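Chemist: The sequence and its predicted three-dimensional model are supplied below.
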Amino acid sequence: MKIIKPKNNKKIFIIAASLLLVGGACLAASYYYKVGPFTPSAKSSTDLNKPTDQQKQSGDDIKKQSVDQATGKNNSATGSDPSPAPKPVDGSTKQSVEADITASSQDTSSLHIRAMIQTVTNSGMCSLAMSGPQQRTYSASVGVQALPSSTTCKGFDIPVDQLAPGLWTATIDFSNETTIASTSKQITVQ
C-alpha cells in the first residue's frame, strides 16, 4: 500500500505571495521616488520660433563684444590687461612705471611682503628698505618674476626677531636696465 503525502502547496503559495508583495513594494517605491524605470527623461527642447527682438539684440551684443576683444577695442579691465606705458624720468635714460605693495602679512616667525611692478620683465632687482621704531632698519633684495601683464618681486620674508614691534615704513625700489619703480607702505609689526 502506498502512502500519499500531501504536497505542501500552502508553503509555496506563501513564499510566492511574499515575493510578489516585496516586488510590488519595490516598484511602488521606485515610482514614488522617480528612480529606476520611472526616472523622468530629460527632454531637450529647441525653440523653433523666430527670435524676439530682445534675443536678436543680445546675440548682436555678444558678437560685438567678441569682435572687440579679438581686435583689441575692448576697454574693460581684465586680469591680463597690458601694463600702462612707462613714463620718462628726467635726467635718466630709464623710464618709470607704477609699483604697489600688494600684500603684507605676519605669522609667528616672519613678516611677508609682496609687491607688483607694472611692466613685464624677467630682469632686475627689488630692494626693500624698512625703517621703524627705535631707529631700527632692515634691508633686503630679491629678484623678479614676470607674469602675463606685470612683474612681481619674488617676495620678502623677514624674520620678526629682526624687527621691533610697532609701525614701520616699507619702501620697495625696482630697477633694471631700462625701468625703475618705487612704492611705500606703512606696516604694523606685532
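Modeler: That came through, no problem.
Chemist: ok, which stretches of this structure are helices?
Modeler: Under the criterion DSSP state H, the chain contains helices at 9-33, 53-71.
Chemist: per-residue pLDDT, residue 79?
Modeler: Per-residue pLDDT puts residue 79 at 48.
Chemist: Including mean pLDDT and mean neighbour count, could the helices of the chain go into a markdown table?
Modeler: Using the backbone N, CA and C atoms, a C-beta is placed for each residue, glycine as well. Output for the helices of the chain, formatted as a markdown table (pLDDT from 0 to 100; neighbours: other C-beta atoms under 10 Å):
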| stretch | mean pLDDT | mean neighbour count |
| --- | --- | --- |
| helix 9-33 | 90 | 10 |
| helix 53-71 | 79 | 11 |
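Chemist: Kindly reformat those helices as a markdown table and extend each row with distance to residue 166.
Modeler: Written out in a markdown table, the entries for the helices of the chain read as follows (distance: least, C-beta to C-beta, whole Å):
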| stretch | distance to residue 166 |
| --- | --- |
| helix 9-33 | 65 |
| helix 53-71 | 48 |
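Chemist: Which strands or helices does the helix or strand bottoming out on mean pLDDT in the chain pack on?
Modeler: When each helix and strand of the chain is scored by mean pLDDT, DSSP states H and E, strand 87-88 comes last, with a mean of 75. Judged by 3 or more C-beta pairs under 8 Å, 6 or more residues apart in numbering; DSSP states H and E, the packing partners of strand 87-88 are strand 95-96.
Chemist: Return the list of strands paired to the strand it packs on, each annotated with direction.
Modeler: strand 87-88 (antiparallel), strand 179-189 (parallel) (DSSP bridges).
Chemist: With residue 8 as the reference, name the closest of these.
Modeler: strand 179-189 (90.1 Å; C-beta to C-beta).
Chemist: Mind listing what's buried along that closest one?
Modeler: Buried residues in strand 179-189, counted by 16 or more other C-beta atoms under 10 Å: 179-181, 183, 187, 189.
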